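>>> Next one to model:
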Amino acid sequence: MSHIAQRRFGQNFLIDKNIVKKIVNQADIKPDEVVIEIGPGQGAMTSLLAQKAKRVIAIELDKDLIQTLNELSVANPAISIVYGDALKCYPVIVNELGTNQYLVVANIPYNITSILIKMILQVTPHTSRAVLMVQKEVAQRLVSGPGEMSLLSLSVQLYAKVKKCFDVSSASFRPRPNIQSAVVQLSPVKTNVQTYDPEKILSLARCGFAKKRKLLVSNIAEGTSLLRQDIIDAMERCGVQSTARAQDLSVQQWIELTHQLLD
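Residues are numbered from 1 along each chain as shown. The predicted structure is shown next:
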């Protein structure tokens, strides 16, 4: 018997088998890797992931899906089902995995997209990569460059290289959502080669993005104790015009500006 998607969980079940295969292929799973699947739903992708991976740990919030998912787990011992909120379960699972390499595959509920992506990138030890189904508009924001940068795109690009893989039609889901989706791949920057503190940069960026229509120098001056002229001088040293707005800067310019102003 088919399960009715729950509005409170933001559920839209992926039913297009070709898209399922494309996502799994995009993940490029190695036989010795562990996959954490967030939001398996009715398990359309879970068994296929298990054919490629050493182990699949699927996190599902909807307990009405227990029977369907348990049947998959019984049929394949490589599949483990964890029932609960991914925002709470994911850090625990990662901690239990220890230093074992893992990757994330997820059809993310639209209502927790931003917070879940940040958690995937910030929880340590970090994932080797993540292949995520997100709202198409969010995918575009994630890959945005100077001129269209947002606090979300900066916060993700400080931690990972982001690639938009392909669009997914709303017809690929049941029930059919009112929005289009897209698949993105995140390849986290290795912490041992980072020469900057992402959280320090984001603390400055939150000031910079506070009021979208205002100049960057004005937002930073209002949000910090820094002098306006000192901010302008630092911006010029980073190759940023005094008339720039927060969305105009590249990731590298944010890194350099933070170094100039806060280090």
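>>> can you pull out the helices in the stretch 1-150 of the chain?
17-27, 46-52, 66-75, 86-97, 113-122, 136-142 (DSSP state H, counting those that start in this stretch).
>>> Can you say which of the ones you listed is nearest to Ser169?
helix 17-27 (8.5 Å; Cβ to Cβ). Any C-beta I mention is one placed from the backbone N, CA and C, and that applies to glycine too.
>>> Leaving out sequence neighbours, find the closest residue to the spatially most central residue of the chain.
Nearest to the mean C-alpha position of the chain, counting by Cα atoms, centre = their mean, stands Ile117 at 2.7 Å. Nearest residue to Ile117, sequence neighbours excluded (Cβ to Cβ, 6 or more residues apart in numbering): Val156, at 6.2 Å.
>>> okay, now that neighbour: neighbour count?
Using other Cβ atoms under 10 Å, Val156 has 25 neighbouring residues.
>>> Give me the secondary structure label for it.
For Val156, the assignment made with DSSP: H, G, I helix; E, B strand; the rest coil gives helix.
>>> The one 10 residues further on now?
In terms of secondary structure, Phe166 is strand; the call rests on three-state DSSP.
>>> what about the spatially closest residue to it that is not a sequence neighbour, neighbour count?
Among residues not flanking Phe166 along the chain, Val183 sits closest, at 5.6 Å (Cβ to Cβ, 6+ apart). When neighbours are counted by other Cβ under 10 Å, Val183 registers 23.
>>> May I ask you to confirm that Val183 belongs to a strand?
Yes. Judged by three-state DSSP, Val183 forms part of a strand.
>>> For it, which residues count as its bridge partners?
Met133, Phe166 (DSSP bridges).
>>> how near is the nearest residue to Leu72 once chain neighbours are set aside to Arg174?
Spatial nearest neighbour of Leu72, excluding adjacent residues (Cβ to Cβ, 6+ apart): Gly43 at 4.8 Å. Plainly put, Gly43 is 14 Å away from Arg174 if you go by Cβ to Cβ, to the nearest Å.
>>> More neighbours: which of the two?
Gly43 (23 against 17).
>>> quick one: the more buried one and Leu69 touch, right?
Yes. Counting by Cβ atoms under 8 Å, Gly43 touches Leu69, with 5.6 Å between them.
>>> what's the overlap in contacts for the two?
Counting by Cβ atoms under 8 Å, 6 or more residues apart in numbering, the residues touching both Gly43 and Leu69 are Ala58.
>>> that older thread, residues contacting the residue nearest to the centre of the chain?
Counted by Cβ under 8 Å, 6+ apart, Ile117 has contacts Ile108, Ala130, Leu132, Val134, Leu142, Val156, Leu186.
>>> now, among these, which is nearest to Leu97?
Closest to Leu97, out of all of these and judged by Cβ to Cβ, is Ala130, at 14.7 Å.
>>> That closest one touches Gln185, doesn't it?
Yes. In terms of Cβ under 8 Å, Ala130 counts as a neighbour of Gln185; the distance is 7.0 Å.
>>> what's Ser114 in contact with, if anything?
With Cβ under 8 Å, 6+ apart, Ser114 has these contacts: Val138, Leu152.
>>> Once you drop chain neighbours, what's closest to Lys211?
Asn219 (5.7 Å).
>>> how far away is that neighbour from Arg213?
10 Å.
>>> Who has more neighbours out of these two?
Each of Asn219 and Arg213 has its neighbours counted (other Cβ under 10 Å); Asn219 has more, 23 against 7.
>>> and Ala130 and Gln185? which has more neighbours close in?
It is Ala130, of Ala130 and Gln185, that has more neighbours when counted by other Cβ under 10 Å, with 26 against 19.
>>> Next, the contact list for the more buried one, please.
Taking Cβ under 8 Å, 6+ apart as the test, what Ala130 contacts is Leu103, Val104, Val105, Ala106, Ile117, Ile120, Leu121, Ala160, Gln185, Leu186, Pro188.
>>> what's the pLDDT at it?
Per-residue pLDDT puts Ala130 at 97.
>>> what's near enough to touch Lys63?
Lys63 neighbours (Cβ under 8 Å, 6+ apart): Tyr83.
>>> Much appreciated, bye for now.
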